[in-house]
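K.L.:
How does the following fold in three dimensions:
(one chain, ligands or ions: 2)
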Amino acid sequence: MTLALVCMSHSPLLEVTAPPEEIQDDVDAAFAVARKFVEDFDPDLVVSFAPDHYNGFFYELMPPFCIGYEALSVGDYGSEEGPLNVPTHIAKDLAQAVIDADLDAAISLKMEIDHGAVQPLEVLFGSIAAKPVVPIFVNSVAPPFASMRRVRQLGTAVGNYLKTLDQKVLIIGSGGLSHDPPVPQIATATTEQKAMLLNGRHPTAAARNARQQRVIDTAAAFAKGEANIMDLNPEWDREFLAIIASGDLEKLDTWTATEMAAAAGNSAHEVRNWVAAYNALAAAGDYRVTSEYYRPIPEFIAGFGVTTAMVK
Ligand SMILES: O=C(O)CCC(=O)/C=C/C=C(\O)C(=O)O
Ligand SMILES: [Fe+2]
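P.N.:
Ligands and ions are numbered 1, 2, ... in the order given. Sure, this is the predicted structure:
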């Protein structure tokens, strides 16, 4: 067993807009560092913690966690569409191990995933089917959310299972950091949005374009300081990154969903994927963060972070 980790922000704007060249170059350089780390590690298997943005999971039935035995990317925001290469026997064993650890994760024999899960695979491997991947959904946009303690325990249970494999496993955590993109909230949704949040699976091309255009327009306005969404919170982001780097992950147990949203936006809950991923790595021993990139990027509506880590 050897474990390594990459956690990174994703953004719906990443593949459909062109930010100023200096910003794009900066992000590309951070991605290149992560890609080199992964190339050097040369994983046999990838386990990915990622959110969904009402493409695969809806309020009709919203689990806090779900392990995919098979998975299909819907191809939103210019991301690659199609099946992942999921080693189903490992996904099943992992699900059993997680349930045996008293973490009641759902499973899916056909998990639909979106840019949140797909972008790290594209950035790190060039394509979604390049490596065997077990996808784990962590609900990060649809309240109520699992507690941070529970997310930590999920990560630990996954890591304890991965330790038993005779394979090099790359753990990915996708999302965060502070950001408040215009994802509809069930509490304030219009009738049309409510129908989408309930079960908006497989929208028409026109409906998908309208959803996406709204986010693209908001990002353009946000970059000019004109959007009606919460500001990024670099201070919150840096505090989160410092705790992650310290290894004192239980400290995050006290972070409540209400406080997180108030300080860092409704999509700050995506850091749950980082918390699960880092705890999975920590199950193998004390770790060190080997690279860290952070920059608040309004053009991507993201406190944008990329980190790599390995066991000491
Ligand atoms: O389609 C919608 O209305 C949802 C918008 C959406 O998908 C936004 C996604 C935002 C992120 O992935 C993010 O900033 O992390
Ligand atoms: Fe997201």
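
K.L.:
what residues does the stretch 201-312 of the chain put near ligand 1?
P.N.:
211, 215, 267, 270, 301, 302 (C-beta under 6 Å from any ligand atom). Any C-beta I mention is one placed from the backbone N, CA and C, and that applies to glycine too.

K.L.:
neighbouring contacts of the helix or strand hosting residue 273?
P.N.:
Under the criterion of DSSP states H and E, residue 273 resides in helix 271-282. Residues from elsewhere that reach helix 271-282 (C-beta atoms under 8 Å, 6 or more residues apart in numbering): 3-5, 7, 47, 49-51, 136, 138, 140, 145-146, 148, 151-156, 158-159, 162, 171-177, 240, 244, 247, 249, 252, 260, 287, 309-311.

K.L.:
List the ones among those residues that fall in helices.
P.N.:
Using DSSP state H, the subset of the contacts of helix 271-282 located in helices is 148, 151-156, 158-159, 162, 240, 244, 260.

K.L.:
Check the gap between the residue of the stretch 51-200 of the chain found nearest ligand 1 and residue 110 for me.
P.N.:
Closest residue of the stretch 51-200 of the chain to ligand 1, C-beta to the nearest ligand atom: residue 53 (3.4 Å). Distance of residue 53 to residue 110, given as C-beta to C-beta, to the nearest Å: 18 Å.

K.L.:
which of those two has more neighbours?
P.N.:
residue 53 (23 against 11; other C-beta atoms under 10 Å).

K.L.:
What are the boundaries of the strands in the stretch 101-250 of the chain?
P.N.:
Ranges of strands in the stretch 101-250 of the chain, per DSSP state E, counting those that start in this stretch, are 106-108, 111-113, 133-138, 168-174.

K.L.:
The second one pairs with which strands, parallel or anti?
P.N.:
Yep, that's strand 111-113 we're talking about. Strand 111-113 sits in its sheet next to strand 71-73 (parallel), going by DSSP bridges.

K.L.:
what is the mean pLDDT for the partner strand?
P.N.:
Across strand 71-73, the average pLDDT comes to 98.

K.L.:
So, low pLDDT: which residues of the protein?
P.N.:
1 (pLDDT under 70).

K.L.:
Show me which residues of the stretch 1-150 of the chain sit near ligand 1.
P.N.:
10, 11, 12, 53, 54, 116.

K.L.:
Find the nearest non-adjacent residue to residue 9, please.
P.N.:
residue 304 (4.5 Å; C-beta to C-beta, 6 or more residues apart in numbering).
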